[in-house]
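> based on what follows, work out the 3D shape:
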Amino acid sequence: MYTYIPNTPDDERQMLEAIGVSSIDELFKDIPENVKLNRELNLHPSMSELEVSRYLTKLAQKNKSINQMTCFLGAGAYDHYIPSIIGHITSKSEFYTSYTPYQPEVSQGTLRYIFEYQTLICNLTGMDVSNASLYDGGTAIAEAAFMAADITRRKQIIISKTVNPQYREILKTYAHLQNLEIVEVDEEGGVTNLEELREKLSDKTAAVIVQNPNFFGIIEDLKAIEEVTHSIKKTLLIASMNPISLGLLKKPSTLGVDIVVGEGQPLGVSLQFGGPYLGYIATKKEFMRKMPGRIVGETVDLDGNRGYVLTLQAREQHIRREKATSNICSNQGLNTLAAVVYLVSLGKKGLREVAIQSAQKAHYAFKQITKSGKYKPLFDKPFFMEFAVTSDLAPDKVSKALLDEDILGGYALEKDYPQYKNGILYAVTEKRTKEEIDKLSSVLEGII
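Down below sits the predicted model:
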């Protein structure tokens, strides 16, 4: 490695002397011998900067991005159109390099867009208050569960198996050291089993967590779930919602949801190889002081001019640790800004158009794929922009055939739901064209 690091052997000797060890081996003596590599790294002994650049570019070109392929993969991250204005604004240095807005007098730009973000999330969900964002959709569910446990003073969380499997794993990980009991409710026909939910509910239950549209893309009956959930006094209903779907579906506030969370990646955030993403959370006014993170508020300065400040900061940095509602250290600032620009650029009509096009194109794709009978619907339920089909073909074979045609296919459900062997979940956004959907159908039909 020394040929790629500017430190000379003399530099190395001086550093070792400074920390009181005689060799690199002594420095790392606590590492067991059986886990050490005990050989040189398999690197070219010496390359110039130009040669390294060419070599890494060649390696990178082995990968394909969604700019080179047609994407029908969803399962929590979606290939939506991102208006060019988003990158233009988020890359401005005053936003790109800003950090925590502790000093409001020099952080008005950051505080304002967070305030606007909170307002937009509240408008979208119909809830009273939102915070300055969370890490992603999975941690949003975990934070909402903690909120519910704190509000109700109960330790049991019930979550439907129709919730994104990764989100459920994150919840279990978070809950372990908080001594929360996680109880899962099975799905039936692709939706939450209401009878099982009713049986598992008790006065120990802090909250019921569902996803809508759920992981299978199916629209859950939130009203029916709300009635079952609220049949137990004080139990809260947490719903994880795809924000794009709210351009078409009823606001969760009108369906009795107590805490709304979700993944904000569809709101102008690129796929980014799986992250960083943007988690949102919104709730009723009476639960505001139990929310994690920060809430930005609007005020006036000494001259009567409008200004913005951090109104609530229920973190251990600001209050006694035992009173803190979360250990979240920072919101997803640039992604929050991207969501603001996206929602403002599209407006109500634009967001509705994205939702309508995604739904209509998904239903067209569903009809094209299943019309011959080779691929059959896995479920018979209304869906938004994702749907599952099954066939006699293994998902790996289907995926390879599609990749050969520069198509990124669907998600193999058997990874998380063994009972749905050969089931594949496809996502169709407003970006997909009729030609792309027809090609997907044609390639699928031609697989032997």
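> all helices for the stretch 151-300 of the chain, in order.
Counting by DSSP state H, counting those that start in this stretch, the segments of the stretch 151-300 of the chain that form helices are 165-176, 194-200, 222-229.
> any low-confidence regions in the stretch 251-400 of the chain?
Judged by pLDDT under 70, the stretch 251-400 of the chain has its weakly predicted residues at 314-331.
> go again with 90.
273-275, 289, 291-295, 301-302, 310-333 (pLDDT under 90).
> how about the strands in it?
For the stretch 251-400 of the chain, the strands defined by DSSP state E, counting those that start in this stretch occupy 259-263, 279-283, 294-300, 306-313, 376-377, 386-390.
> need the ones you listed in TSV with mean neighbour count, can you?
Placement of C-beta: from N, CA and C, glycine included. Formatted as TSV, the strands of the stretch 251-400 of the chain follow (neighbours: other C-beta atoms under 10 Å):
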stretch	mean neighbour count
strand 259-263	30
strand 279-283	28
strand 294-300	17
strand 306-313	16
strand 376-377	14
strand 386-390	24
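> nearest to residue 341, out of the ones you listed?
Shortest distance between residue 341 and those, using C-beta to C-beta, is found for strand 279-283: 15.3 Å.
> what does that closest one contact?
Residues lying outside strand 279-283 but in contact with it, judged by C-beta atoms under 8 Å, 6 or more residues apart in numbering, are 121-122, 125, 127-131, 133-140, 143-144, 147, 243, 258-264, 291-292, 332, 339.
> hmm, try it at 6 Å
121-122, 125, 127, 130-131, 134-137, 139-140, 259-262, 264 (C-beta atoms under 6 Å, 6 or more residues apart in numbering).
> which of those residues count as buried?
Among these, the ones that count as buried by 16 or more other C-beta atoms under 10 Å are 121-122, 125, 127, 130-131, 134-137, 139-140, 259-262, 264.
> could you find the closest non-adjacent residue to residue 210?
If the residues on either side of it in the chain are set aside, residue 210 comes closest to residue 160, at 4.9 Å by C-beta to C-beta, 6 or more residues apart in numbering.
> so what sits opposite that neighbour in the bridge?
According to DSSP bridges, the residues that bridge with residue 160 are residue 185.
> just checking, it touches residue 191?
No - under the criterion of C-beta atoms under 6 Å, residue 160 is not in contact with residue 191, lying 8.4 Å apart.
> what about those two, which has more around it?
Between residue 160 and residue 191, counting by other C-beta atoms under 10 Å, residue 160 is the more crowded of the two (26 against 22).
> helix or strand right after the helix or strand containing residue 119?
With elements delineated by DSSP states H and E, residue 119 resides in helix 108-125, which encompasses its position. Next helix or strand after helix 108-125 toward the C-terminus (DSSP H and E): strand 129-130.
> which other helices and strands contact that next one?
When contacts are defined as 3 or more C-beta pairs under 6 Å, 6 or more residues apart in numbering; DSSP states H and E, strand 129-130 packs onto helix 108-125.
> what residues sit buried inside the helix it packs on?
For helix 108-125, the neighbour count (16+ other C-beta under 10 Å) marks 110-118, 120-122, 124-125 as buried.
> from those residues, pick the one nearest residue 17.
For the buried residues of helix 108-125, the residue nearest residue 17 by C-beta to C-beta is residue 110; the value is 45.3 Å.
> residues contacting the spatially closest residue to the closest one that is not a sequence neighbour?
Residue nearest to residue 110 in three dimensions, not counting chain neighbours: residue 101, with 4.5 Å by C-beta to C-beta, 6+ apart. Counting by C-beta under 6 Å, 6+ apart, residue 101 makes contact with 107, 110-111.
> just the residues you listed: which has the poorest pLDDT?
For the contacts of residue 101, the least confidently modelled position is residue 107, at 86, judged by pLDDT.
> residue 94: neighbour count?
Around residue 94 sit 8 other residues, with neighbours defined as other C-beta under 10 Å.
> let me fix that: residue 374
The burial count for residue 374: 14, using other C-beta under 10 Å.
> let me know the distance separating it from residue 409.
Between residue 374 and residue 409 the distance is 15 Å, computed by C-beta to C-beta, to the nearest Å.
> ditto for residue 81
Distance of residue 81 to residue 409, given as C-beta to C-beta: 20 Å.
> when the two are compared, which one has more neighbours?
With neighbours defined as other C-beta under 10 Å, residue 81 and residue 409 compare such that residue 409 has more, 24 against 13.
> what's the closest non-adjacent residue to the more buried one?
residue 402 (4.0 Å).
> may I have the helix or strand hosting residue 436 as PDB, with CA atoms only?
Following DSSP H and E, one finds residue 436 within helix 434-446. Once side chains and other backbone atoms are set aside, the C-alpha atoms of helix 434-446 remain, and they are given as PDB (Å, rounded to 0.1, in the frame of the first residue of the first chain):
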ATOM      1  CA  LYS A 434     -46.200   2.100 -23.300                       C
ATOM      2  CA  GLU A 435     -43.300   0.900 -25.400                       C
ATOM      3  CA  GLU A 436     -41.200   0.000 -22.300                       C
ATOM      4  CA  ILE A 437     -44.200  -1.900 -20.700                       C
ATOM      5  CA  ASP A 438     -44.900  -3.700 -24.000                       C
ATOM      6  CA  LYS A 439     -41.300  -4.800 -24.200                       C
ATOM      7  CA  LEU A 440     -41.400  -6.000 -20.600                       C
ATOM      8  CA  SER A 441     -44.500  -8.100 -21.400                       C
ATOM      9  CA  SER A 442     -42.900  -9.400 -24.700                       C
ATOM     10  CA  VAL A 443     -39.700 -10.500 -23.000                       C
ATOM     11  CA  LEU A 444     -41.600 -12.200 -20.200                       C
ATOM     12  CA  GLU A 445     -43.800 -14.000 -22.700                       C
ATOM     13  CA  GLY A 446     -40.700 -15.200 -24.600                       C
END
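> that helix vs strand 386-390, what angle?
An angle of 20 degrees separates the directions of helix 434-446 and strand 386-390 when computed by axes from the mean of the first three to the mean of the last three C-alpha atoms, to 10 degrees.
> quick one: which helix or strand includes the residue nearest to residue 110?
Secondary structure here is read from DSSP H and E; on that basis residue 101 sits in neither a helix nor a strand.
> i'd like the first residue to be 207 from this point on
Taking 207 as the first residue, the last one we looked at is residue 307.
> how close does it get to residue 313?
Between residue 307 and residue 313 the computed distance is 3 Å (C-beta to C-beta).
> may I have the phi/psi pair for the closest residue to residue 234 other than its chain neighbours?
On the basis of C-beta to C-beta, 6+ apart, the spatially nearest residue to residue 234 that is not a chain neighbour turns out to be residue 242, at 7.8 Å. Note on residue 242: backbone dihedrals following degrees, to the nearest 10 are phi -80, psi 150.
> in terms of pLDDT, where does residue 242 sit?
In this prediction, residue 242 has a pLDDT value of 90.
> using TSV, please lay out the helices of the stretch 357-506 of the chain together with mean pLDDT and mean neighbour count.
What follows is the helices of the stretch 357-506 of the chain, written out as TSV (pLDDT from 0 to 100; neighbours: other C-beta atoms under 10 Å):
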stretch	mean pLDDT	mean neighbour count
helix 371-382	96	17
helix 400-406	98	15
helix 428-435	98	18
